[in-house]
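Visitor: Attaching a predicted model along with its sequence, questions to come.
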Amino acid sequence: MKVIAINGSPRRTGNTSILIQTVFKELKAEGIEAEEINVGTKHFRGCLGCMKCAENLDGHCVIRNDDLNDIIDKMKDADGIILGSPVYCADISGQMKVFMDRVSLVSAVNGNIMTRKVGASVIAVRRAGALTAFHSLNSFFTILQMIVVGSTYWNMGFGMEEGEVLQDEEGLQTMRNLGKNMVWLLKSIKTAKLPEPETKIEVFTNFIR
């Protein structure tokens, strides 16, 4: 099994990454492969609303001059996906929002390719806005029919300067518990006999208006 973490922070080794790696420690202890991909330093163009992904049906975005499609391929092969973001202006980072916009539409119109993958949100915050950002990330999971895993508190850690989140013991414990719960859910799904999910290709009107 494999989990991909998408880090929306422009700080490659900042507080968001520290929290993700704390979750990873629990996953790796149980033999689950984990990879962190940073999108916070990338310059992704926003969704064009062109609906070419619904016409081409190749599981990719029509914008080809960045590596978003390579990341989509990795997400398709993963069993679990973590989305991590710092809080900017009381919500997720702009880089993460652009990433979610494009990936969610590609997934939805190409047979719901993220269905029943395990999803977990991770938030790094200085003071306020964490729950808004947390709900934004979870909205990605729920509209794509993914299964959201929680912890003993909302999945956030407090800190501003790089590494400051290490002083938030409750936040770190929340991440450790999140990792344990993610392991349990991934293994439970792996051994469950489930009916095949609905893969009817639809263009959801709530994406494009």
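Guide: Yes, it's here.
Visitor: contacting residues around residue 32?
Guide: 1, 2, 3, 79, 80, 183, 186 (Cβ atoms under 8 Å, 6 or more residues apart in numbering). Every C-beta, even on glycine, is put in place using the N, C-alpha and C of the backbone.
Visitor: gap between the first one and residue 85?
Guide: Distance of residue 1 to residue 85, computed by Cβ to Cβ, to the nearest Å: 24 Å.
Visitor: Farthest-apart pair in the contacts of residue 32, please.
Guide: The span of the contacts of residue 32, defined through Cβ to Cβ, is set by 2 and 183 at 12.6 Å.
Visitor: More neighbours: which of these two?
Guide: The neighbour count for residue 2 versus residue 183, taken as other Cβ atoms under 10 Å, is higher for residue 183 (23 against 14).
Visitor: Shouldn't that one be within a strand?
Guide: No. Remark: residue 183 does not belong to a strand; assigned using DSSP: H, G, I helix; E, B strand; the rest coil, it is helix.
Visitor: Is it in contact with residue 28, as I believe?
Guide: No. Under the criterion of Cβ atoms under 8 Å, residue 183 makes no contact with residue 28, lying 9.9 Å away.
Visitor: Is the residue nearest to the spatial centre of the chain part of a helix or strand, or is it coil?
Guide: For the chain, the residue nearest the mean C-alpha position is residue 83 (2.5 Å; Cα atoms, centre = their mean). Under three-state DSSP, the three-state class of residue 83 is strand.
Visitor: does the closest residue to it other than its chain neighbours sit in a helix, a strand or a coil?
Guide: Nearest non-adjacent residue to residue 83, counting by Cβ to Cβ, 6 or more residues apart in numbering: residue 137, 4.5 Å away. Under three-state DSSP, residue 137 falls in the helix class.
Visitor: residues in contact with residue 137?
Guide: Taking Cβ under 8 Å, 6+ apart as the contact definition, residue 137 lies against 83, 85, 92, 96, 100, 121, 123.
Visitor: Residue 34 should be in a strand, yeah?
Guide: Yes. Residue state for residue 34 (three-state DSSP) corresponds to a strand.
Visitor: Look up how far residue 94 lies from it.
Guide: 26 Å.
Visitor: For stretch 144-158, the averaged confidence score.
Guide: Averaged across stretch 144-158, pLDDT comes to 97.
Visitor: Which of the contacts of residue 32 are buried? Put it as a PyMOL command.
Guide: Buried members of the contacts of residue 32, defined by 16 or more other Cβ atoms under 10 Å, are picked up in PyMOL with:
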select buried, resi 1+3+79+80+183+186
